[in-house]
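>>> Pasting the sequence and the predicted model now:
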Amino acid sequence: MKRITGGVTAAKGFMAASAQAAIKYQNRKDMAMIYSEKPCVMAGTFTTNLVKAAPVKWDQELVKHAPYCQAVVVNSGIANACTGAEGYEYCKKTAETAAELLHIPEHAVLCASTGVIGMQLPMDRLEEGIRKLVPVLGASPEDAHGAACAIMTTDTVPKEVAVQTELGGKTVTIGGMCKGSGMIHPNMCTMLAFVTTDAAISKDLLQEAVRESVKDSYNMISVDGDTSTNDTLLVMANAMAGNPEITEKTEDYDRFRKALDEVNISLAKMMAGDGEGATALFEVKVIHADTKEHAVTLSKSVITSSLTKAAIFGHDANWGRILCALGYSGAPFDPDRVELFFESKAGRITIFRDGVAADYSEEEATRILSEPEVTVIADMKMGEASATAWGCDLTYDYVKINADYRS
């Protein structure tokens, strides 16, 4: 497996486009489209929030029942959430318009929205946006990058990645893009993510691979503890790489899973590091836990601790907050056996062992914590299980951004 440049157009047969439709934002592109030359098998995972946006409901229905998909239409600015029957009808109109222009069935068009909850989409502008998107579809890295920029809301940078691997003697590519900066919390987290691949794989195995991949990627990030109404991960596979179709859990399936995990984990970390107002990516590795379930619980507990996140922002080696978060997680362990470390490009330091603070330099700890990527390692000394979670520091700007988000 190797990392390559590109995003959603890196795989064979996929094109993307971006356009300015003035859905809510002015003077910037706010609509994107992904299109495959060939029909795709599709898989998806969605928000666990009981309040689900109209496009989530639309996509869930298609992923479950439609024979294939070929396009995705995405808008930013308005989430089309809590919009009732009218909002769902707008998804149908979106699909109808795109289907007519692309000469594909309505059931082959997925929808996604992100932005303010409770506002109805301006359908005249959205439909005009679709008419702008179709003629400019292209397969270049620039086309993919434009689409990644168009789906941003409070994101500060576009997020895209692509990898290649060998399956059945053929080169297979998986590429993706996502958006996410606020309202992000484990449970399918708050995000839109779109992954494309030219691999040939059965729908059932693709769905299983996606479902399992989410557990160690998107479900292991948190920015602010809020699970959104619009969380969507869509994966499209058009089989244009020419590999023998993966229909069983063979070595090719394992290689596909590893490549898919690389894409999803990379995108997830990009979202965590770009949390609203964030100055640092905050990683928590729990090692030598007794079970995988407990390792996940422990790492998530630390990554979601507001006090710990604030300490990371202040470059303060406040290990008591980390130990406290481990302690209220609900996972059993012996505090007198745990070892805690801080690590970054500036070095590694032991901060807690044998039930008390380690003998460390506060100045050295501050230097390590001043890097843009900071890791806490918690060695539970109980077994061989491990888990990694990602988040960000908690800054003054998070409150500023969210205090006036609707205006």
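That came through fine. Numbering: from 1, shown residues only.
>>> Check which residues of stretch 298-307 are buried.
Neighbour-count burial for stretch 298-307, counted by 16 or more other Cβ atoms under 10 Å, picks out L298, S299, K300, S301, V302, I303, T304, S305. Heads up, the C-betas are built off the backbone N, CA and C, glycines and all.
>>> Report pLDDT for the closest residue to T5 other than its chain neighbours.
Nearest non-adjacent residue to T5, counting by Cβ to Cβ, 6 or more residues apart in numbering: P141, 5.9 Å away. pLDDT, P141: 97.
>>> on that earlier part again, tell me which of the buried residues of stretch 298-307 has the lowest pLDDT.
Lowest confidence among the buried residues of stretch 298-307: T304, with 89.
>>> which one of the buried residues of stretch 298-307 is nearest C392?
I303 (9.1 Å; Cβ to Cβ).
>>> any idea how far the closest one is from A295?
Going from I303 to A295 by Cβ to Cβ, to the nearest Å gives 12 Å.
>>> Please produce JSON lines containing the buried residues of stretch 298-307, extended by distance to K52 and secondary structure.
What follows is the buried residues of stretch 298-307, written out as JSON lines (distance: Cβ to Cβ, whole Å; DSSP: H, G, I helix; E, B strand; the rest coil):
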{"residue": "L298", "distance to K52": "30", "secondary structure": "helix"}
{"residue": "S299", "distance to K52": "27", "secondary structure": "helix"}
{"residue": "K300", "distance to K52": "23", "secondary structure": "helix"}
{"residue": "S301", "distance to K52": "27", "secondary structure": "helix"}
{"residue": "V302", "distance to K52": "29", "secondary structure": "helix"}
{"residue": "I303", "distance to K52": "25", "secondary structure": "helix"}
{"residue": "T304", "distance to K52": "23", "secondary structure": "coil"}
{"residue": "S305", "distance to K52": "28", "secondary structure": "coil"}
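>>> Output the longest strand belonging to the chain.
strand 31-46 (DSSP state E).
>>> what is the mean pLDDT for the following helix or strand past that one?
Sequence-wise, the next helix or strand downstream of strand 31-46 (DSSP states H and E) is helix 54-65. For helix 54-65, the mean per-residue pLDDT is 96.
>>> what about I303, distance to K309?
8 Å.
>>> what do those two both touch?
Residues touching both I303 and K309 by Cβ atoms under 8 Å, 6 or more residues apart in numbering: F282, G391.
>>> distance from the centroid: which residue in the protein tops it?
D359 (38.5 Å; Cα atoms, centre = their mean).
>>> Angles on the backbone of that one, please.
The phi/psi pair for D359 (degrees, to the nearest 10) reads phi -80, psi 90.
>>> Mind pulling the model confidence for it?
For D359, the predicted pLDDT is 94.
>>> what's the answer for D336, then?
Note for D336: predicted pLDDT of 96.
>>> Next up, the contacts around it.
Contacts here follow Cβ under 8 Å, 6+ apart; on that basis D336 touches D354, G355.
>>> so where do the strands sit in the stretch 1-150 of the chain?
For the stretch 1-150 of the chain, strands defined by DSSP state E, counting those that start in this stretch occupy the ranges 2-4, 14-19, 31-46, 69-78, 109-116.
>>> What angle do helix 54-65 and the fourth one make with each other?
Which is strand 69-78. Following axes from the mean of the first three to the mean of the last three Cα atoms, to 10 degrees, one obtains 160 degrees for the angle between strand 69-78 and helix 54-65.
>>> Pull the distance from strand 69-78 to the chain's centre.
In this view, strand 69-78 has its centroid 16 Å away from the chain centroid, taken as Cα atoms, centre = their mean, to the nearest Å.
>>> pull the CA atoms of it into CSV?
Presented in CSV, the C-alpha positions along strand 69-78 are these (Å, rounded to 0.1, in the frame of the first residue of the first chain):
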residue,chain,number,x,y,z
CYS,A,69,-25.5,4.4,-7.1
GLN,A,70,-23.6,6.7,-9.5
ALA,A,71,-23.6,10.2,-8.0
VAL,A,72,-23.6,12.2,-4.8
VAL,A,73,-24.8,15.8,-4.5
VAL,A,74,-23.5,17.8,-1.5
ASN,A,75,-24.3,21.3,-0.2
SER,A,76,-22.9,23.2,2.6
GLY,A,77,-24.4,26.1,4.6
ILE,A,78,-27.8,24.5,5.4
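>>> Tell me which other helices or strands it touches.
The helices and strands touching strand 69-78, judged by 3 or more Cβ pairs under 8 Å, 6 or more residues apart in numbering; DSSP states H and E, are strand 31-46, helix 84-102, strand 109-116, helix 123-133, helix 141-150, strand 192-197, strand 232-237.
>>> who wins for proximity to I265 among these?
I265 lies closest to strand 192-197 among these, at 11.6 Å (Cβ to Cβ).
>>> I'd like the mean pLDDT over stretch 202-222, please.
The pLDDT scores in stretch 202-222 average 92.
>>> buried stuff in it?
Applying a neighbour-count criterion of 16+ other Cβ under 10 Å, one finds 205-210, 213-222 buried in stretch 202-222.
>>> number of nearby residues for H107?
Using other Cβ atoms under 10 Å, the number of residues around H107 comes to 16.
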